[in-house]
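Engineer: what's the 3D shape of this:
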Amino acid sequence: MFPHENPLPKPDIITTPVFETLLANVKADVLAYLEQNAPQDVNAVRETFNNEAEILTKITEAFVVILQSVTRRMNAQALQMFGMYATDTAMVDLIASQLGVTRLTLSSGDANAFPPVEPVMESNEALLTRYYLAAYALASTGTRSGYRFHAMTLGGRPTVRVESPTKNKVIVTYEFAAHEDAGKTKDAQARQVAPGTVDCYILSHEGDGMPDQHLIDVSQAYLQRDDIAQETDLLTVKKPTIPRWECEAVLYLRPGPDKEMVRLAAEKAAKEYALQQHRLGGSIEPSMLYSVLLQSTGAHRADLKKPVQPLRCSYSEAPYLESINITVSTENL
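Structural biologist: Residues are numbered from 1 along each chain as shown. Modelled structure (predicted):
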């Protein structure tokens with residue numbers, strides 16, 4: 001699990017002061033300033049601060065609220081500088097660029113269509129995953145993370161040519177060629193299954209994640225490049241197994257909320273959880289589904305009918321949500 005998937009607690013410095021504490025500090029700072037510059041007004045201002053009905057007191061309180069808002073905004077901007085907290089797309093691009101990783105285009109779209117179809121870009125979560133894997137790309141494959149990065153970043157490594165046209169002269173050429181299948185691989189996992197034998201499973205962005213033969217072939221060719229492959233590894237790129245699962249639940253509400261809105265919110269939350277776990281080695285936990293459904297809807301209880309048992313996949317498997325059936329029922333006290 002990478003830092004953006006399980007971030008550390010935010011440091012104490014990234015906090016917003018409590019209103020009462022900040023108000024007391026502002027009042028103290030104002031009085032201290034008057035002590036130096038207008039001592040004759042200190043007692044009058046102190047008396048004013050002690051009266052909640054005075055306009056100066058209300059203005060001071062409004063200033064403290066504004067100061068809290070500014071502090072929150074500055075804290076949010078500071079957090080965007082760290083990969084484990086970054087959510088702004090431009091900041092994620094900037095962070096990833098520090099290791100030479102750029103956002104992949106999953107679908108080029110169609111500007112000539114009506115209405116125009118926008119390109120589909122790699123998500124922030126996927127880009128940050130490749131960013132944390134990028135350190136392993138400084139070497140060739142061989143490590144699990146090295147295989148994973150290269151398989152998920154087809155075309156990411158330039159072709160290097162070294163020539164010596166004349167004596168005492170060496171020319172090194174780096175050719176960064178676009179790869180037509182870059183961005184098609186959602187996840188990858190490699191394991192040594194026997195001495196010198198490595199199986200690498202890849203997951204596609206399309207459909208249930210099962211890659212077509214073309215993606216298998218181009219991945220095999222790319223990972224076997226002389227400047228990427230380990231000479232001692234006999235590598236085989238393989239298709240994963242896709243265990244399918246269903247989500248069926250009954251949510252119980254107190255009278256009031258619209259049932260259809262709650263149902264749509266529950267479906268959205270379940271799909272987001274399924275998408276998060278749709279990776280090699282993903283895990284579908286009924287306890288997590290309970291939490292996701294209850295927190296996203298405000299339901300006071302739920303009956304989860306499917307799945308009954310956890311679905312915990314190995315490195316060669318990726319769970320795929322096949323259907324959702326959410327029923328919402330009103331329950332009186």
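Engineer: mind listing what Asp110 touches?
Structural biologist: The neighbours of Asp110, taking CB atoms under 8 Å, 6 or more residues apart in numbering as the test, are 116-117. (Glycine included, C-beta is placed from N, CA and C.)
Engineer: Distance check, it against Trp245.
Structural biologist: Asp110 sits at a distance of 34 Å from Trp245 (criterion: CB to CB, to the nearest Å).
Engineer: Ok, Glu61 next?
Structural biologist: According to CB to CB, Glu61 and Trp245 sit 53 Å apart.
Engineer: just the strands in the stretch 51-200 of the chain please.
Structural biologist: Read by DSSP state E, counting those that start in this stretch, the stretch 51-200 of the chain holds these strands, from start to end of the chain: 105-107, 120-121, 159-163, 171-175, 185-194, 197-204.
Engineer: Output the ones you listed in JSON lines, with distance to Cys313 appended to each entry.
Structural biologist: Written out in JSON lines, the entries for the strands of the stretch 51-200 of the chain read as follows (distance: least, CB to CB, whole Å):
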{"stretch": "strand 105-107", "distance to Cys313": "23"}
{"stretch": "strand 120-121", "distance to Cys313": "26"}
{"stretch": "strand 159-163", "distance to Cys313": "35"}
{"stretch": "strand 171-175", "distance to Cys313": "38"}
{"stretch": "strand 185-194", "distance to Cys313": "10"}
{"stretch": "strand 197-204", "distance to Cys313": "11"}
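Engineer: Of these, which stretch is the most buried?
Structural biologist: The densest packing among these, expressed as mean neighbour count by mean count of other CB atoms under 10 Å, is seen in strand 197-204 with a mean of 22.
Engineer: Convert the helix or strand immediately after that strand in the chain to PDB, retaining C-alpha atoms only.
Structural biologist: Where DSSP states H and E defines the elements, the next helix or strand beyond strand 197-204 is helix 213-223. Listed next in PDB are the C-alpha coordinates belonging to helix 213-223 (Å, rounded to 0.1, in the frame of the first residue of the first chain):
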ATOM      1  CA  GLN A 213      -4.100 -10.600 -26.600                       C
ATOM      2  CA  HIS A 214      -2.700  -7.400 -28.300                       C
ATOM      3  CA  LEU A 215      -2.000  -5.800 -24.900                       C
ATOM      4  CA  ILE A 216      -0.400  -9.000 -23.600                       C
ATOM      5  CA  ASP A 217       1.900  -9.200 -26.700                       C
ATOM      6  CA  VAL A 218       3.000  -5.500 -26.600                       C
ATOM      7  CA  SER A 219       3.600  -5.800 -22.800                       C
ATOM      8  CA  GLN A 220       5.700  -8.900 -23.400                       C
ATOM      9  CA  ALA A 221       7.700  -7.100 -26.100                       C
ATOM     10  CA  TYR A 222       8.200  -4.000 -24.000                       C
ATOM     11  CA  LEU A 223       9.300  -5.800 -20.800                       C
END
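Engineer: can you list contacts of helix 213-223?
Structural biologist: 141, 147, 150-151, 154-155, 179, 181, 184-185, 188, 200, 202, 204, 211, 228-229, 235-239.
Engineer: for stretch 313-322, same thing?
Structural biologist: By CB under 8 Å, 6+ apart, the residues outside stretch 313-322 that reach it are 187, 189, 191, 199, 201, 203, 208-209, 238, 240-247, 270-271, 274-275, 277-284, 311.
Engineer: circling back: can you check which of the strands of the stretch 51-200 of the chain gets nearest to Ile95?
Structural biologist: Put simply, out of the strands of the stretch 51-200 of the chain the one that sits nearest Ile95 is strand 120-121, at 15.6 Å, with distance taken as CB to CB.
Engineer: Packing partners of that closest one?
Structural biologist: Where contact means 3 or more CB pairs under 8 Å, 6 or more residues apart in numbering; DSSP states H and E, strand 120-121 is packed against strand 105-107.
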